[in-house]
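Student: Following is a predicted model, sequence given first.
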Amino acid sequence: MKTRIFKVLMTGMVLGLGGTGVATAAECIAPANPGGGWDFTCRQISKIMYDIGAVDKPIQVTNMSGGGGGLAFNHVVGERDDDADLIIAASSATSTRLAQNAYAGMTADQVRFVGAIGIDPGVIVVGADSPFKTLSDLLDAVVADPSSVTFAGGSAVGGFDHMKPLMLLQRAGLTDITKIKYIGLDGGGDAITQTIGGFTQAMTGDMSEVVGFLAAGDIRVLAVLTDERVAGFDDIPTAIEQGYDVVAGNWRGLYIPRGVSDETFEMWAGRLQQVADSDEWAEAMTANGLAPFTMVGNDFQGYIDNLVVEIRQMSKDIGVIQ
Amino acid sequence: MEVFTNLAMGFAVALTPYTLMLAVVGCFIGTIIGALPGLGPSNGVAILIPITFSMGLDATSSLVLMTAVYYGAMYGGRISSILLNIPGDEPALMTTLDGYPMAKAGRAGDALVLSGFASFYGAMFATLGLMFLAPMLARVAYVFGPAEYFALYLLAFTTLGGMASNNQAKSALAACLGIGIAMIGVDNSSGLPRLTGGNLHLYDGVDFLVAIVGLFAVAEVFFFIESHGKNSSMGVKLDKVRIPWKDIYDTRWTMFRSSIVGFIAGILPGAGASLGSFMSYMSEKSIAGKDGGFGTGVPKGVAAPEAGNNAAAGGALIPMLTLGVPGSGTTAVLLALLMTLNITPGPTLFTERPELVWGLIASLLIANIVLLLMNVPMVKIFVKILMVPPWILLPGVTMISFVGIYSLSGSYFDLLLMIAFGALGYVLRKLDIPTVPVILGILLGGHMEDALRRAMVISDGDFMYLLSSPITIGLWIAAIAGFIAPMFLRKFLKKPQRVTD
């Protein structure tokens, strides 16, 4: 008898806990466990939208990890396709995985990308005592002998960190990009450690990952992959200045279900623009090493479409996808 | 001194009322977990991890709470050893040898207080060691490349395998099983899914927490059902508790030596607290000689293993924090906690997250003092808790862990997986196959594979790269020795059935 009471209690608690997720207010799904970049995006945007009055009720944040974001994507496409009160955190990892069919065949056009409101600029880094002084030194050495340089990055093979040196080396005139050696580590910190230790010759990552090491004087940033130099890091040249037309960064933004009306799409785009213009967001960006990068509405959807095409082609070239 | 500025920062974190409360609560829960037979530190920490997520604790707070539980459990284990002659957890096994005879001789109170003080001594020693040595060890980061890491993971598997069971082959089998489970999910080096059967739930691989709670807690319930739950009964009466100053004074050198031995055993990846208490007891026994009366209820026989296992608990945190390689079963669980919080323990942790590391160290110092206060004057409270019948306790903790896991992932799939792991744990224990290597395999298997494949990319497929530096060669020798040595030492080491520290 007593065990039955326990069972009932347990079921009740589980249901109660699950039930809280179905609130009446809007919901933001972070497709990962608490603590990561997507979780940050959801929590910051939700909080600021409420604080500045863009929404009248607090937005509920739900964590739905699995499949590198694929589980949440599947959930949205399959079950919430016309939910106007749903936003989902996204980043360049989302578009990269979609381009590579990593979400079990689902495609980028099954949702609508609302906008991005910040970017973690891509960087190419070498150890402080490295013989490579400029981006050209490094890229020329790779073109001359691809096996002489191994790149380390914080994402898996075929991930966004891997794509950055590939884009650069394509511009530098290397035709067979499969020759480029890349190892994926568990985060940018590990990748830098390996590079300082001399096991790999260069690191490809995001600005926020290298700031601490830069302050300690352990590394040299050869290039930042933005249109213009990043405020606060004015002595770091862009790749464009050095003759390689590559802009790549880890943007932070949102997507919404495909089936909503154009008005809903515009409404979320407008709210996102309000967040981007707020002082609170400016503070959050500074605290987390992000650079301003605001692109909302149809402009952003077009940007994503182009990005997906480029990454898909490159992934085919290196054999990550067929 | 840099250490002291860092420590001041740590105390600033640890002395906030909330963190302090977490440390005290953690100590209390930990002592209970340790005192209850069958619920060891690794089970206890594994069960409580999901709760930290439900509570929405940040990384530092979660870690403070969990290590307080860990230290508390190391203290608590001795209580049931002394009073019931049943070790509350694996490392407390050695404490039964002299603790129970001492209690039967009418000195139960003395034994509890003395062992409590010995625990304090060992833990304090280890925490100070952690403070001064860990930053030094953290600098090894830059000399560890893929080949070195591969050898290090190999060392962790071979040494833990050697300690965890009576049978090398069974440990090796368990480790391979774990490594196999670790292969499930998207392959880091090619981006392609493996062994997922197209199930999106498995793309991220099997969550450590699901495996840990399943293998330990759920399996424990199955065993309990099987045994129809025997009631715990107190074999010894506990009278007034007073402080045996003379015994404490007489065992001062025993505690000192045992702390050193335990600390070193703790630092060695995979050795852990059981080995620490075992080695300190054995070395004290041989120092005392035949006239020492070890095994008949002498104070030294109580002080040595308790100082040893608590020192080992602190020592085991060093490789976990600085290298990301757990020094014991419980630190393996703590490692899973850190990884879930998006913190990669490793050589850069001390420079990247100083507030976390030093907050933790300061909390450990505070937890230790709290534990001494709890375990000496308030020991009677814990003795009462030993009376709680397991049929209330076990379903309760299992329910909490189910809710915790569900609130973390929000997917029923994980709950089913957890029950499957419970069944696996039950079968493995029936076959006398240790489960800790399975956990270690799931935790480290993927990293070990990544290290190997990175080494192969860098060296263009040359296997000799794996032996290209003095560090790798040393680690390979240690790994091979660590695997083979227990086979010869077995007749001297009467090993426990399983490691749960």
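Tutor: Arrived safely.
Student: near chain A at all, stretch B:389-403?
Tutor: Yes. Counting by Cβ under 8 Å from any Cβ of the partner chain, chain A has neighbours in stretch B:389-403: B:Pro395, B:Gly396, B:Met399, B:Phe402, B:Val403. All C-beta spots, glycine's among them, are computed from the backbone N, C-alpha and C.
Student: Work out the gap between that stretch and the centre of the chain.
Tutor: In terms of Cα atoms, centre = their mean, to the nearest Å, the centre of stretch B:389-403 is found 21 Å from the chain centre.
Student: Let me see the contact set for the closest residue in space to A:Val77 that isn't next to it in sequence.
Tutor: Once flanking residues are discounted, A:Val77 sits nearest to A:Gln110: 4.8 Å by Cβ to Cβ, 6 or more residues apart in numbering or on different chains. For A:Gln110, the contact set (Cβ atoms under 8 Å, 6 or more residues apart in numbering or on different chains) comprises A:Phe73, A:Val77, A:Arg258.
Student: Let me have these in TSV, adding neighbour count and secondary structure as columns.
Tutor: Formatted as TSV, the contacts of A:Gln110 follow (neighbours: other Cβ atoms under 10 Å in any protein chain shown; DSSP: H, G, I helix; E, B strand; the rest coil):
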residue	neighbour count	secondary structure
A:Phe73	29	helix
A:Val77	17	helix
A:Arg258	14	coil
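Student: can you redo these as a markdown table with distance to B:Leu130 and pLDDT?
Tutor: As requested, those are exported to a markdown table (distance: Cβ to Cβ, whole Å; pLDDT from 0 to 100):
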| residue | distance to B:Leu130 | pLDDT |
| --- | --- | --- |
| A:Phe73 | 43 | 90 |
| A:Val77 | 49 | 91 |
| A:Arg258 | 53 | 93 |
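Student: ok, the residue in the stretch 1-150 of chain A positioned nearest to chain B to A:Asn74 distance?
Tutor: Closest to chain B within the stretch 1-150 of chain A is A:Gly67: 3.6 Å, counting by Cβ to the nearest Cβ. Computed as Cβ to Cβ, to the nearest Å, the A:Gly67 to A:Asn74 distance reads 7 Å.
Student: which neighbours do the two share?
Tutor: A:Tyr103, A:Ala104, B:Leu200.
Student: can you pick the most crowded of those residues?
Tutor: Of the shared contacts of A:Gly67 and A:Asn74, A:Tyr103 is surrounded by the most neighbours, 23 neighbours in total, counting by other Cβ atoms under 10 Å in any protein chain shown.
Student: Do you know the pLDDT at the nearest residue to that one once chain neighbours are set aside?
Tutor: Distances taken as Cβ to Cβ, 6+ apart place A:Gly70 nearest to A:Tyr103, at 4.0 Å, with adjacent residues excluded. According to the prediction, A:Gly70 has pLDDT 83.
Student: just checking, next helix/strand downstream of the strand or helix carrying A:Gly70?
Tutor: For A:Gly70, the host element (DSSP states H and E) is helix A:70-79. Counting by DSSP H and E, the next helix or strand C-terminal to helix A:70-79 is strand A:86-91.
Student: That following strand: partners in the sheet, and parallel or antiparallel?
Tutor: Paired with strand A:86-91 in the same sheet, following DSSP bridges, are strand A:27-30 (parallel), strand A:249-257 (antiparallel).
Student: Figure out how far the shortest one is from the centre of its chain.
Tutor: Put plainly, it is strand A:27-30. How far strand A:27-30 lies from its chain's middle: 16 Å, per Cα atoms, centre = their mean.
Student: Check what contacts it and list those residues.
Tutor: Strand A:27-30 is contacted from outside by A:21, A:36, A:38-39, A:41-43, A:45-46, A:59-64, A:72, A:75-76, A:85-89, A:254, using Cβ under 8 Å, 6+ apart.
Student: Over to stretch B:282-296?
Tutor: Counting by Cβ under 8 Å, 6+ apart, B:Leu97, B:Asp98, B:Pro101, B:Thr254, B:Arg257, B:Ser258, B:Val261, B:Tyr281, B:Val298, B:Lys300, B:Gly301, B:Ala304 sit against stretch B:282-296.
Student: follow-up on the earlier one: please tell me I have it right and the residue of the stretch 1-150 of chain A closest to chain B contacts B:Asn199.
Tutor: No. Look at A:Gly67 against B:Asn199 with Cβ atoms under 8 Å: they stay out of range, at 9.1 Å.
Student: Would you mind telling me which of those two has the busier surroundings?
Tutor: Set A:Gly67 next to B:Asn199 and count neighbours by other Cβ under 10 Å: A:Gly67 wins out with 25 against 14.
Student: and the more buried one, how far is that from B:Leu200?
Tutor: Separation of A:Gly67 from B:Leu200 (Cβ to Cβ) stands at 4 Å.
Student: What does the pLDDT read for the residue of the stretch 151-300 of chain A found nearest chain B?
Tutor: Chain B sits closest to A:Phe199 of the stretch 151-300 of chain A, with a gap of 3.4 Å, by Cβ to the nearest Cβ. As predicted, A:Phe199 sits at a pLDDT of 92.
Student: tell me which element it is part of?
Tutor: A:Phe199 belongs to no helix or strand when assigned by DSSP H and E.
Student: Dihedrals phi and psi, the residue nearest to A:Val77?
Tutor: Main-chain torsions, A:Gln110, degrees, to the nearest 10: phi -90, psi -10.
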